[in-house]
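Visitor: Quick one, fold the following:
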Amino acid sequence: MTKRSFAEDDKVVVPVHDGRRCGHCKLCCKVFVICELNKLAGEWCRHCPTKGCDIYESRPDVCKLYGCMWLARPKLLPREFRPDKIGVVFNECCEAGMFPLIEAHESCKGAFRKVNKHMEPVLRKGWGIVVCHVGKPHTIFPPHCETPTERDEWLKQALQRLVERCQITAAAVAGMEAERERRHPDLADDKTVEDGVSVS
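Guide: This is a model prediction of the structure:
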């Protein structure tokens, strides 16, 4: 099977601006659960070795259709925030009638700390941020809402969306999580809280 290099990929489905391409970045192949490939969050996809994807032409639609915020939102995320450079994949979650939410998926614990202070302008624009490690949210940074009521409403909506997302994937992921625990019995559930609100 032909191996396709990520640097050669010019067929990103999401709108791409500022001439951005994935290049050699493939961090989305590590941080997310991919049920279709029986892949856990935080582990490299077995089809993604050092330089490319072994199943590029037949990869699942979830892979074909995905594009991170770094590709699609250059006005929010500067060029130096390419995921493989900072260890964080930013994922946009926007739904009609709800406050905008960004998921920050860390490739290793604490990676978000390196860019935390640079995200203040994003928070001021009304975005909230949920920091996730190994697929599990552990910190929420609410946006700068004008009133306590708006802040509370945003937190309620953010938590509800997290619950809904977990329910959707829980059955599919349960078996894989059990296998992870069998293989990594020393893997502790990290409950570290930064400046945000703990949801562990």
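
Visitor: hey, let's count contacts and neighbours off CA atoms from now on
Guide: Fine.

Visitor: The residue nearest to P142 when sequence neighbours are not counted: what's it in contact with?
Guide: When the adjacent residues along the chain are set aside, P142 lies closest to G128, with 4.6 Å between them (CA to CA, 6 or more residues apart in numbering). For G128, the contact set (CA atoms under 8 Å, 6 or more residues apart in numbering) comprises 99-102, 140-143.

Visitor: Contacts only, for E103.
Guide: Residues near E103 by CA under 8 Å, 6+ apart: 90-93, 129-132.

Visitor: Sort out which of these are in helices and list them.
Guide: Using DSSP state H, no member of the contacts of E103 falls within helices.

Visitor: L71 and C25 touch, don't they?
Guide: No: contact criterion CA atoms under 8 Å: L71 and C25 do not qualify, at 11.2 Å.

Visitor: Which one's more surrounded, the two?
Guide: Neighbours were counted for L71 and for C25 using other CA atoms under 10 Å; L71 has more, 22 against 16.

Visitor: Show the model's pLDDT score for that one.
Guide: Listed pLDDT for L71 reads 91.

Visitor: Looking at the contacts of E103, which are in strands?
Guide: Cross-referencing the contacts of E103 against strands under DSSP state E gives 90-93, 129-132.

Visitor: between these, which is closest to P148?
Guide: The shortest gap between P148 and any of the ones in strands among the contacts of E103 belongs to I129, at 17.3 Å (CA to CA).

Visitor: Can you report how many residues lie near the closest one?
Guide: I129: 25 surrounding residues under other CA under 10 Å.

Visitor: And for A111?
Guide: Using other CA under 10 Å, A111 has 17 other residues around it.

Visitor: Any idea how far apart the tips of stretch 100-117 sit?
Guide: For stretch 100-117, the first-to-last residue distance is 19 Å (CA to CA, to the nearest Å).

Visitor: So which residue is dead centre in this structure?
Guide: H105 (3.6 Å; CA atoms, centre = their mean).

Visitor: Surely it is in a strand?
Guide: Yes: counting by DSSP: H, G, I helix; E, B strand; the rest coil, H105 is found in a strand.

Visitor: If it is in a bridge, with which residues?
Guide: Note on H105: beta-bridge partners V89, C132, judged by DSSP bridges.

Visitor: didn't it look like it was pressed against H133?
Guide: Yes: with contact defined as CA under 8 Å, H105 counts as touching H133 (6.0 Å).

Visitor: shared neighbours of the two, which are they?
Guide: Both H105 and H133 are in contact with V31, where contact means CA under 8 Å, 6+ apart.

Visitor: and of the ones in strands among the contacts of E103, the nearest to N38?
Guide: Nearest to N38 out of the ones in strands among the contacts of E103 is C132 (CA to CA; 19.6 Å).

Visitor: Can you report how many residues neighbour A41?
Guide: For A41, the tally of surrounding residues (other CA under 10 Å) stands at 23.

Visitor: same thing with the one 4 residues further on?
Guide: C45 sits with 21 neighbouring residues when counted by other CA under 10 Å.

Visitor: I'm done for today, thanks for sticking with me.
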